[in-house]
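**Student:** sequence first, then the predicted structure:
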Amino acid sequence: MQDLDDADLVEAFLADRSEAAFRTLYRRHAPALLGLIHRLLGTTGRDAAEDVSQEAWLRAAERLARFRGESTLRTWLAGVAVHCCRERLRARPAAVAVSPPSEGARTGRPDLALDLDRLVAELPDGFREVLVLHDVEGHTHEEIGAFLGIEAATSRSQLARARRRLRERFAGARRADGGRA
């Protein structure tokens, strides 16, 4: 099954609920999907990301017949994951969890004190979603708009604001660190 492309694997799964086909799809796409979910949630712990990943895969299995091949399977799975992440974020308590210290802070190495993942995680949800989907995952603004239920222009605007916020935070971290970050 490893030599089959995604479309053939989807077809095999839909034909007879082939566990081998689904397992191959899972192995092929799970690492990237978990990374996306982790970044979208903006959490440092893996438990929440793994829970949402499991939910996304369950939904994907239930809804795979809806995959029309108009995009890549990875893009379709990303859409499923985005919706699961948004549900998790809406359900979370209003209080924002404090991120643990960065690797640099724990090791006493100021050159590692700036933790880009932490800065991205601290962005507001909408900014973080668009930044991760565009700059990390490489999706177009039109795809992001479809995932998030927003206009492509809104995606562009949120991306510009997210990048500006990161530049400001990065500059502030550098000043606080004496310019070493």
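**Tutor:** Here it is on my side, so go on.
**Student:** where does the protein dip in pLDDT?
**Tutor:** 43-45, 93-114, 174, 176-181 (pLDDT under 70).
**Student:** tell me how it divides into domains.
**Tutor:** Annotated domains of the chain cover 1-97, 99-181 [automatic domain parsing].
**Student:** tabulate those domains (a markdown table), appending mean neighbour count.
**Tutor:** For every residue, glycine as well, the C-beta is placed using N, CA and C. A markdown table is the format used below for the domains of the chain (neighbours: other CB atoms under 10 Å):
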| stretch | mean neighbour count |
| --- | --- |
| domain 1-97 | 16 |
| domain 99-181 | 16 |
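**Student:** just the helices in this protein please.
**Tutor:** Counting by DSSP state H, the chain has helices at residues 6-16, 19-41, 46-63, 73-91, 103-107, 116-121, 125-131, 141-148, 152-176.
**Student:** just want the most central residue of this structure.
**Tutor:** L36 (2.5 Å; CA atoms, centre = their mean).
**Student:** and the gap between that one and D3?
**Tutor:** According to CB to CB, to the nearest Å, L36 and D3 sit 26 Å apart.
**Student:** try F170
**Tutor:** Going from F170 to D3 by CB to CB gives 44 Å.
**Student:** list the contacts of R39.
**Tutor:** Contacts for R39 were tallied using CB atoms under 8 Å, 6 or more residues apart in numbering; they are D117, V120, A121, R128, V132, V136.
**Student:** can you tell me which two in the residues you listed are farthest apart?
**Tutor:** A121 and V136 (12.5 Å; CB to CB).
**Student:** follow-up on the earlier one: residues contacting the residue nearest to the centre of the chain?
**Tutor:** With CB under 8 Å, 6+ apart, L36 has these contacts: A78, A81, V132, L133, V136, E137.
**Student:** go on, F67?
**Tutor:** Residues counted as contacts of F67 (CB under 8 Å, 6+ apart) are V10, L73, W76.
**Student:** now render these as CSV, adding distance to E50.
**Tutor:** Output for the contacts of F67, formatted as CSV (distance: CB to CB, whole Å):
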residue, distance to E50
V10, 24
L73, 21
W76, 21
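**Student:** for A56, state which of those residues is nearest.
**Tutor:** Closest approach to A56 among the contacts of F67 (CB to CB): W76, at 11.1 Å.
**Student:** so how far is L119 from the nearest residue to the closest one once chain neighbours are set aside?
**Tutor:** Take W76 and drop its neighbours on the chain: the residue closest to it by CB to CB, 6 or more residues apart in numbering is F67, 5.2 Å away. As judged by CB to CB, F67 and L119 stand 34 Å apart.
**Student:** one more: A12?
**Tutor:** 42 Å.
**Student:** one more: E168?
**Tutor:** Look at E168 and L119: by CB to CB, they are 10 Å apart.
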